[in-house]
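[1] let me see the structure of the following:
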Amino acid sequence: MQLHPSDSTPAQSKGSISIILPHLGGGGAERLHVYLANDWIERGYCVEFILLSRSGELIELLRPEITVTDLAAERIRDAITKLASYLGKTRPDVILCAMWPLTSAVVVSWLLSGRRSSLFLSDHEHLSHSYLGQNRVRPGYLKNLIRFTYPLASGVITVSQGVKDDLCRLGNLSEKRVKVIYNPAATGISPVRESSDTSDRLWGKGFTFHLLAVGRLSVQKDFRTLIKAFSLLPKSLNAKLVILGEGSSRNELEELVTQLGLTERVALPGFVVDPYPFFRSADLFVLSSEWEGFGNVIVEALECALPVVSTDCPSGPSEILEDGRYGRLVPVGDAAALASAMALSLSASHDRELLMNRAKDFSVQKISDEYLAYLFHKGGLIDSRSYKKLSDLR
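    Numbers count the residues shown, from 1 in each chain. Below is the predicted model of the structure:
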């Protein structure tokens with residue numbers, strides 16, 4: 001367990017930023033923080049990750065100057081005192097913590113450490129759907145933790161307006177205390193199409209259209225509806241569907257593929273660190289989620305000039321696609337509507353330059369600028385009344 005400042009920390013920098021996450025697995029929230037951290041290092045900031053567990057395939061994408069500190073905590077509660085001690089010693093200028101309930105726990109650690117840093121909390125999920133809708137926690141527990149901890153932070157960030165509205169409603173937070181900063185999902189990747197040899201290697205030979213989906217194999221992503229929708233497409237389209245990702249729904253999805261007789265036309269190759277060759281060789285990207293926080297994969301598709309069909313789920317897709325301007329939106333869970341939109345998109349012409357220009361609104365550089373302006377110039381005064389409320393709970 002590494003619990004000491006890195007010896008490689010520069011003697012002088014524009015500022016120090018500690019990013020606190022559970023791990024660096026292959027999720028969208030983890031990936032965006034990797035993008036931001038690498039950019040901040042290039043700009044002259046000192047950056048470290050503090051992880052509950054030093055694990056995850058995205059660690060290999062970090063620049064070598066970035067320190068990774070392992071709290072070696074199996075549960076969030078086990079990390080509170082360790083983190084408080086560590087923050088009290090290292091005193092970074094800015095602490096950025098993402099993903100409730102870790103965010104609320106870090107507020108406690110920060111208070112115990114003496115509040116010597118500015119603390120910013122970031123949420124990337126529509127909590128009403130991902131926690132209350134799935135019966136993962138009691139409503140009172142979620143609402144009270146947010147209500148008593150979030151107002152104490154120097155600032156709060158959400159990745160979409162929909163997530164902000166949900167968070168403010170759950171925690172009875174003032175909208176003025178919450179800043180929407182979209183995810184830096186456009187990395188400047190080349191949109192040049194892959195060669196036919198690469199396409200054949202990724203998709204197999206003989207298909208006219210290639211449909212792509214990317215995400216955890218979970219209830220949230222609702223790939224069941226996508227597979228059912230794909231089965232409704234005319235066989236004359238000669239299409240293949242590839243779903244990149246791994247998760248607990250794999251067996252269920254594989255059984256569905258077999259039941260529908262799609263084993264030759266639907267593939268689930270698992271998680272891949274670099275999905276861009278698939279984006280650059282696909283003809284259509286499809287997001288079928290029941291809910292999202294933002295929808296990084298939509299931006300990744302747009303950056304590769306790839307047309308998009310998405311469910312109009314809360315929250316993110318409609319904001320990225322501007323209510324249908326940049327891609328078709330369909331109701332959640334409606335396989336027939338999804339199939340229809342997919343077929344229409346495959347037969348339509350698309351302004352690919354328009355799609356790529358939209359992706360630039362979510363570039364790493366642009367979003368990094370917004371983060372730095374907020375983290376280092378906001379100030380973030382503590383609400384003393386909220387601090388008293390938390391003290392009364394002890």
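[2] S310: which element?
    Taking DSSP states H and E as the criterion, S310 maps to strand 308-311.
[3] and the strands in this protein?
    With DSSP state E as the definition, the chain shows strands at residue ranges 16-21, 46-51, 67-70, 94-98, 118-123, 155-158, 178-180, 209-214, 239-244, 266-270, 284-287, 308-311, 328-330.
[4] just to revisit the earlier point, the strand holding S310: how far from the chain's middle?
    Remark: strand 308-311 is offset 17 Å from the chain centroid, using C-alpha atoms, centre = their mean, to the nearest Å.
[5] what residues does that strand touch?
    222, 284-290, 295, 298, 301-302, 317, 321, 326-333, 338, 341-342, 345, 355 (C-beta atoms under 8 Å, 6 or more residues apart in numbering). In this view, the C-beta of every residue, glycine as well, is placed from N, C-alpha and C.
[6] tell me which of the strands of the chain is the most buried.
    Of all these, strand 308-311 has the most neighbours on average by mean count of other C-beta atoms under 10 Å, namely a mean of 28.
[7] on that earlier part again, in ChimeraX, how would I select the buried members of the contacts of strand 308-311?
    This is the ChimeraX syntax for the buried subset of the contacts of strand 308-311, where burial follows 16 or more other C-beta atoms under 10 Å:
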select :222,284,285,286,287,288,289,290,295,298,301,302,317,321,326,327,328,329,330,332,338,341,342,345,355
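[8] all helices of the stretch 251-394 of the chain, in order?
    Assigned by DSSP state H, counting those that start in this stretch, the helices in the stretch 251-394 of the chain fall at 276-279, 296-303, 317-320, 335-347, 352-359, 364-377, 384-392.
[9] in the stretch 1-150 of the chain, which ranges drop under the pLDDT threshold?
    Across the stretch 1-150 of the chain, the ranges flagged by pLDDT under 70 are 1-12.
[10] in it, which spans are helices?
    Going by DSSP H, counting those that start in this stretch, the stretch 1-150 of the chain shows helices at 28-42, 76-90, 102-113, 127, 139-149.
[11] now those in a markdown table, with distance to S55 and mean neighbour count?
    Converted to a markdown table, the helices of the stretch 1-150 of the chain look like this (distance: least, C-beta to C-beta, whole Å; neighbours: other C-beta atoms under 10 Å):
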| stretch | distance to S55 | mean neighbour count |
| --- | --- | --- |
| helix 28-42 | 11 | 21 |
| helix 76-90 | 14 | 18 |
| helix 102-113 | 15 | 22 |
| helix 127 | 24 | 25 |
| helix 139-149 | 25 | 17 |
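[12] ok, which of these comes nearest E255?
    Closest of these to E255 is helix 28-42, at 26.8 Å (criterion: C-beta to C-beta).
[13] quick one: which of the strands of the chain is nearest Q259?
    The closest of those to Q259 is strand 266-270. By C-beta to C-beta, the value is 11.4 Å.
[14] and the chain, what are its domains?
    Recorded structural domains for the chain (assignment: automatic domain parsing) are 16-184+365-392, 196-361.
[15] wait, doesn't L355 sit right on V299?
    No - taking contacts as C-beta atoms under 8 Å, L355 lies outside contact range of V299: 10.1 Å.
[16] next, show the common contact partners of these two.
    Here L355 and V299 have no joint contacts, going by C-beta under 8 Å, 6+ apart.
[17] most distant residue from the centre of the chain?
    S236 (35.9 Å; C-alpha atoms, centre = their mean).
[18] could I get the pLDDT score of that residue?
    We have a pLDDT of 95 for S236.
[19] same question for H377.
    For H377, the pLDDT comes out at 85.
[20] who's in contact with it?
    By C-beta under 8 Å, 6+ apart, the contact set of H377 is empty.
[21] can you tell me how far it is from R91?
    Remark: distance between H377 and R91 (C-beta to C-beta, to the nearest Å) = 19 Å.
[22] hang on, the earlier thing: just checking: what are the partner strands of the strand holding S310?
    Applying DSSP bridges, strand 308-311 is found paired with strand 284-287 (parallel), strand 328-330 (parallel).
[23] in a markdown table, list the ones you listed along with mean pLDDT and distance to A79.
    Formatted as a markdown table, the strands paired with strand 308-311 follow (pLDDT from 0 to 100; distance: least, C-beta to C-beta, whole Å):
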| stretch | mean pLDDT | distance to A79 |
| --- | --- | --- |
| strand 284-287 | 98 | 33 |
| strand 328-330 | 98 | 40 |
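[24] how about those strands, which one is nearest F230?
    Among the strands paired with strand 308-311, strand 284-287 comes nearest to F230, with 8.5 Å by C-beta to C-beta.
[25] figure out how far the closest one is from the centre of its chain.
    Centre-to-centre, strand 284-287 and its host chain are 17 Å apart (C-alpha atoms, centre = their mean).
[26] contacting residues around it?
    By C-beta under 8 Å, 6+ apart, the residues outside strand 284-287 that reach it are 209-215, 226, 279, 295, 297-298, 301, 306-311, 317, 338, 342, 345-346.
[27] same thing but 6 Å
    Applying C-beta atoms under 6 Å, 6 or more residues apart in numbering, the contact partners of strand 284-287 are 211-213, 226, 298, 301, 306-310, 345-346.
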